[in-house]
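Asks: Predicted model and sequence below, questions to follow.
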Amino acid sequence: MNTRRNLLIIAALVVGLFMLALFARQNLNPTTLIDGRNVIFSDEYHLNEAVEGDLVVVARVIMLESGARVLGSVSLIGSDISVDGRISDNLTVLGEQIRLGEDSAVGGDASLMGSDTVVNGAIGGNILVQSDTTAFSPDLRAGGAITACADEITAPDAITFAPCPEEGVIQPFEPLIALRSATPPELSMFDPLVTLIGVVLWSITLTGLATIAVTAFPRQISHIEDAVRARPSRFWGVGIAIYALGVGVTLALITLLAIIPPIGLILLPVYLLALVILLALILCGLITLALVVGDLIVRRTGSNHVPPMIAAVAGSLVLSAGLAILVVLPFGWLVDVLIVGAISSVGLGASMVTRLGTRPVTRTYFVQG
């Protein structure tokens, strides 16, 4: 009963830590990329300052607020787009909900394509609107011709429209349509900042799991720890062999899925089950390594008796800090992968031989005397 309860507690905490990691990644991992040409990909983009040169924004929500000043042309692609700032040259917009506010000012032409478009403000050049519904404000100040190709148009009587051309109406939007279909660049998982954030999150997770494990399963962790201390070189070889076997099995499964899909699909559940077992072995091994490293470090401070929980926390922090230092080195991610594989293979081998700590590595004998 106690073991089942401990397993449920650990499962709940793992899920909680996983959700915390996802939340932190969403808030810490930058989603906006800006290059020298002011090309921006983001989920939401807000501008309320001056920008030199042309501006291209691809985002779900785009807002050029009243304080925005763009000294060049602007191209916007998104779902919900609002423009209240000033643009010195042309404006091209491709979206769904498009609104040009009363404070907006465009020095050149304005080309708008969307589902629901509202046009207001001051536009020095021509206006071209391709939309399902279009509304022109009575306060609109236009310096050129107004062309509206829409199913439903709402406009004051004072506005005179130019005829909608039968061909070439989407020509101003072709670059934006091509850009919209392109895949936005994303941060690489090997980017130093992303890697550093991952190391910090892993440090928190490993520390929490190690603390829980030494409290809930002291005997099992003790058996794995004894194995690591007794024969580290032997278990290192076992761990490397298990990693090699895992790589071979993975490649074999990929080959089967490509050549004989039915057999590959049949074996896929077995592979996933083996992968879960492998991850459990790796995790137990890392927790044990953290315990051993923490014990060695704390003992060097002069303390002979080290509580397992303190050792687990200290070892987890030291291992994670070492990985964080490697991130700043050239090809740090590759070094991280190799070092994690080499270090974790010791704990992996020990976890495998001891069967997750359920069997001690040294046999005990009962001597009748």
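Replies: Right, received. Where do you want to start?

Asks: buried sites along stretch 262-274?
Replies: Residues 264, 267, 271 are the ones in stretch 262-274 that count as buried (16 or more other CB atoms under 10 Å). For every residue, glycine as well, the C-beta is placed using N, CA and C.

Asks: Quick check, the last one in contact with residue 253.
Replies: In other words, residue 271. Yes - contact criterion CB atoms under 8 Å: residue 271 and residue 253 qualify, at 5.3 Å.

Asks: circling back to that earlier point, from the buried residues of stretch 262-274, which one has the minimum pLDDT?
Replies: Within the buried residues of stretch 262-274, pLDDT reaches its minimum at residue 264, with 79.

Asks: Quickly find the element holding that residue.
Replies: helix 261-300 (DSSP states H and E).

Asks: Please name every helix or strand in contact with that helix.
Replies: Packing partners of helix 261-300 (3 or more CB pairs under 8 Å, 6 or more residues apart in numbering; DSSP states H and E): helix 192-216, helix 218-230, helix 232-259, helix 308-327, helix 332-353.

Asks: For the ones you listed, could you give me a markdown table that also reports mean neighbour count, distance to residue 67 and mean pLDDT?
Replies: Converted to a markdown table, these look like this (neighbours: other CB atoms under 10 Å; distance: least, CB to CB, whole Å; pLDDT from 0 to 100):
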| stretch | mean neighbour count | distance to residue 67 | mean pLDDT |
| --- | --- | --- | --- |
| helix 192-216 | 19 | 29 | 68 |
| helix 218-230 | 19 | 58 | 77 |
| helix 232-259 | 14 | 53 | 84 |
| helix 308-327 | 20 | 38 | 68 |
| helix 332-353 | 20 | 40 | 73 |
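
Asks: Make CSV from the ones you listed and add distance to residue 112 to it.
Replies: CSV is the format used below for the helices and strands packed on helix 261-300 (distance: least, CB to CB, whole Å):
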stretch, distance to residue 112
helix 192-216, 37
helix 218-230, 64
helix 232-259, 47
helix 308-327, 45
helix 332-353, 44
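
Asks: Which one of the ones you listed lies nearest to residue 158?
Replies: Comparison of the helices and strands packed on helix 261-300 against residue 158 by CB to CB identifies helix 192-216 as nearest, at 54.4 Å.

Asks: Kindly state the pLDDT recorded for residue 85?
Replies: Residue 85 is assigned 93 on the pLDDT scale.

Asks: Pull up the gap between the nearest residue to it once chain neighbours are set aside and residue 47, please.
Replies: Excluding its sequence neighbours, the residue lying closest to residue 85 (CB to CB, 6 or more residues apart in numbering) is residue 68, at 2.8 Å. Noted for residue 68: a distance of 4 Å to residue 47, by CB to CB, to the nearest Å.
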